[in-house]
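Engineer: missing the sequence, but the structure's below:
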């Protein structure tokens, strides 16, 4: 059968589009891979492209949605500014990743429970006896960063501890940011933490490297925990304790929701919250005496 003719008869293209800030970030690429695999299993093709800013996003909406080139959208949007405003209300859409909002009016969403992930990570450190806990965040313009900061603050306050503003610093998701911020903290003995929660594993890797260079004994003198569980985490020295989130599963669930919205006339918007899992390794231990 002629695929183009069948698509015209159905009024569908059989193509789904996925818009992401970039396709090189491990998080985004893994979500796209999961969505692509799920789409293929249901007979759809997934077209992935980058929308790093609002102007590009608007142009892609015109090219993909208004032109009828794609049946629906998966939007990976981490920023506080909400792209759901640019998506037409009649366009099937699923928002995936840290920028998705459970209360958004357009489309469905699949998002990590970032508040709980950071809360559980900080709670692990508190249970080990740590009281001076630092956090290195991602860019504060991202929704997941604000939520992870909220989870961290909640755990600290519930434990009756105090947050030292000097120990909560903004990074950029890179190993270099973790390296840089640890070096600054450790150069000031009066504010040195006994544990650091990095909002992603790459920054935690930079902290591990800087601590090793400073001859800090891990985890006897300093505990480090990340969020993500990237493949590299288990091979760092020491192996990194982290909060595991399954990016590929997030992509699969996003694609599954989108396909259901296309094929099930009774489908209503759904908002799925994914929970992270604590993975214990060698980078965390009891508070130093």
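Structural biologist: Received it, and whenever you're ready, just let me know what you need. Bear in mind that the values here come from a model prediction, so they are computed numbers and not experimental data. Numbering: from 1, shown residues only.
Engineer: So which bits of stretch 19-27 are buried?
Structural biologist: 19-21, 25, 27 (16 or more other CB atoms under 10 Å). All C-beta spots, glycine's among them, are computed from the backbone N, C-alpha and C.
Engineer: I misspoke; the intended subject was stretch 50-63.
Structural biologist: Along stretch 50-63, these residues count as buried under the neighbour rule (16+ other CB under 10 Å): 50-51, 57, 60-61.
Engineer: Repeat that for stretch 239-252.
Structural biologist: Using 16+ other CB under 10 Å as the test for burial, stretch 239-252 gives 240-248, 250-252.
Engineer: Pick out the most distant pair among those.
Structural biologist: Considering CB to CB, no two members of the buried residues of stretch 239-252 lie farther apart than 241 and 252, which are separated by 26.4 Å.
Engineer: Count the neighbours of residue 123 for me.
Structural biologist: 19 (other CB atoms under 10 Å).
Engineer: I misspoke; the intended subject was residue 153.
Structural biologist: With neighbours defined by other CB under 10 Å, the count for residue 153 comes to 17.
Engineer: Could I get the full set of helices for the stretch 51-200 of the chain?
Structural biologist: In the stretch 51-200 of the chain, the segments counted as helices under DSSP state H, counting those that start in this stretch are 54-61, 114-127, 143-158, 175-186.
Engineer: Let me know which of these is the nearest to residue 168.
Structural biologist: Of all those, helix 143-158 sits nearest to residue 168, with 7.4 Å by CB to CB.
Engineer: Pull the residues that contact the closest one.
Structural biologist: Helix 143-158 is touched from outside by 78-80, 97-101, 112, 114-123, 126, 133, 135, 137-140, 162-163, 168, 197, 199, 227, with contacts defined as CB atoms under 8 Å, 6 or more residues apart in numbering.
Engineer: Flag every buried residue along that helix.
Structural biologist: Here helix 143-158 shows 143-149, 151-156 as buried, counting by 16+ other CB under 10 Å.
Engineer: Taking those residues together, which two end up most distant?
Structural biologist: Pairwise distances across these peak at 20.7 Å for 143 and 156 (criterion: CB to CB).
Engineer: list the contacts for residue 63?
Structural biologist: residue 69.
Engineer: so where's this protein shaky on pLDDT?
Structural biologist: Counting by pLDDT under 70, the chain has low-confidence residues at 1-11, 79-85, 98-106.
Engineer: Could I get the full set of strands for it?
Structural biologist: If DSSP state E is used as the criterion, the strands of the chain fall at 15-20, 45-50, 72-76, 93-96, 108-112, 133-137, 168-170, 195-198, 223-228, 241-244, 271-274, 277-279.
Engineer: Would you reformat the ones you listed as TSV and include distance to residue 212?
Structural biologist: Below are the strands of the chain laid out as TSV (distance: least, CB to CB, whole Å):
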stretch	distance to residue 212
strand 15-20	34
strand 45-50	35
strand 72-76	34
strand 93-96	35
strand 108-112	29
strand 133-137	17
strand 168-170	20
strand 195-198	14
strand 223-228	11
strand 241-244	16
strand 271-274	33
strand 277-279	21
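Engineer: what's the closest of these to residue 286?
Structural biologist: Using CB to CB, the nearest of the strands of the chain to residue 286 is strand 223-228, at 8.3 Å.
Engineer: ok, of the buried residues of helix 143-158, which one's closest to residue 40?
Structural biologist: If you rank those by distance to residue 40 using CB to CB, residue 144 comes first, at 27.9 Å.
Engineer: ends of stretch 155-173, how far apart?
Structural biologist: With CA to CA, to the nearest Å as the measure, stretch 155-173 spans 22 Å from end to end.
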